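Asker: Quick check, what structure comes out for this input:
(chains A, B and C)
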Amino acid sequence: MPDQMLDLYHLLLAKFGPQYWWPAETEFEVIVGALLTQQTRWESVEQAIANLKDRSLLTPAALADADQGTIEECIRCTGFYRQKAERLQLLSQYFDHNGITGILGMPVAELRRELLLLKGVGPETADSIILYAAHKPIFVIDAYTKRICECIGVTGGYETLQKHFEDSLPRDTHLYQEFHALIVMYGKQYCTRKRCNDCIIARV
DNA sequence: CACCAGGTTGACC
DNA sequence: GGTCAACATGGT
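Answerer: Predicted coordinates for the structure are as follows:
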């Protein structure tokens, strides 16, 4: 199957339509959302983001100086709220001190290394920030992507799967953004840990 | 009531 | 290198 991944993309696009990810008003909002959405429903993240906006805390400078307890209150609904509050503040201090534009403007490889040094930023969060805040082409691998890859016989760790997608697709930021969004939409509906309903993937 | 969500970390093989 | 509990709230 030469164009297996591209076929899958078109299948999902036909089924769900364009997703226009990531839903956010600013690049920093993308970054905050990427941290908060770890192991959490997006609806909870939206609530937390709204709470932060209500208190005018959704900027690197404001969050960097905010009271830890206040941050915890705002993001409690996203779970793991104590460690997320601490990590959110550390991340905000990093972006505040170094300048968000300058950081996001770094070359991809360097940017990824920098992001991975931050506490609470692993491969998926770093790549989400690069793809949706820095608008640079890197493929995000999440839990749904791993499950779907198993369905079509593609196995391996994070970087292996990432390379598989990137080697199979045109290096296009918009394509990567939409494909990952479509995978999440599909996964939410059809693929949880224990069930894989009406799998349209296996036929690709 | 049990299971799950757009992961990451540190400990331990 | 890989695996695993801990982290914690809210929805189904």
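Asker: helices and strands of chain A: which one has the lowest mean pLDDT?
Answerer: The helix or strand of chain A with the lowest confidence, counting by mean pLDDT, DSSP states H and E, is helix A:143-151 at a mean of 91.
Asker: From the contact counts, what lies against that helix?
Answerer: Packing partners of helix A:143-151 (3 or more C-beta pairs under 8 Å, 6 or more residues apart in numbering; DSSP states H and E): helix A:158-168, helix A:173-190. For the C-beta atoms, the positions are set from N, CA and C on the backbone; glycine is no exception.
Asker: residues making contact with the longest one?
Answerer: Translated: helix A:173-190. Helix A:173-190 is contacted by residues A:9, A:12-13, A:15-16, A:18-22, A:131-132, A:135-140, A:142-145, A:147-148, A:165, A:169, A:196-201 when judged by C-beta atoms under 8 Å, 6 or more residues apart in numbering.
Asker: Equivalent analysis for stretch A:27-39, please.
Answerer: Around stretch A:27-39, the neighbours that count as contacts under C-beta under 8 Å, 6+ apart are A:22, A:24, A:44-45, A:48-49, A:52, A:58-60, A:63, A:75, A:78-80, A:84, A:87-88, A:91, A:95, A:100, A:104, A:120-121, A:125, A:128-129, A:132-134.
Asker: Return the list of helices and strands in contact with the host helix or strand of residue A:101.
Answerer: Using DSSP states H and E, residue A:101 sits within helix A:100-104. Counting contacts by 3+ C-beta pairs under 8 Å, 6+ apart, helix A:100-104 packs against helix A:27-36, helix A:108-116.
Asker: how about the last one, does it get close to DNA strand C?
Answerer: No: for a cut-off given as C-beta under 7 Å from any atom of the strand, helix A:108-116 has no contacts with DNA strand C; the smallest distance is 13.3 Å.
Asker: Beyond that helix, next helix or strand please.
Answerer: With DSSP H and E, the next secondary element past helix A:108-116 is helix A:123-132.
Asker: Count the neighbours of residue A:122 for me.
Answerer: Per other C-beta atoms under 10 Å, the neighbour tally for residue A:122 reads 12.
Asker: list the contacts for it?
Answerer: Each residue near residue A:122 by C-beta under 8 Å, 6+ apart is listed here: residue A:116.
Asker: Kindly report the residues of chain A close to DNA strand B.
Answerer: By C-beta under 7 Å from any atom of the strand, the part of chain A that sits against DNA strand B consists of A:21-23, A:33-34, A:37-42, A:79-80, A:118-126, A:128, A:132, A:142-144, A:184, A:188, A:192-194.
Asker: hang on, the earlier thing: any idea which of the helices and strands packed on helix A:100-104 is most buried?
Answerer: Each of the helices and strands packed on helix A:100-104 was scored by mean neighbour count; the highest is helix A:27-36, a mean of 23, by mean count of other C-beta atoms under 10 Å.
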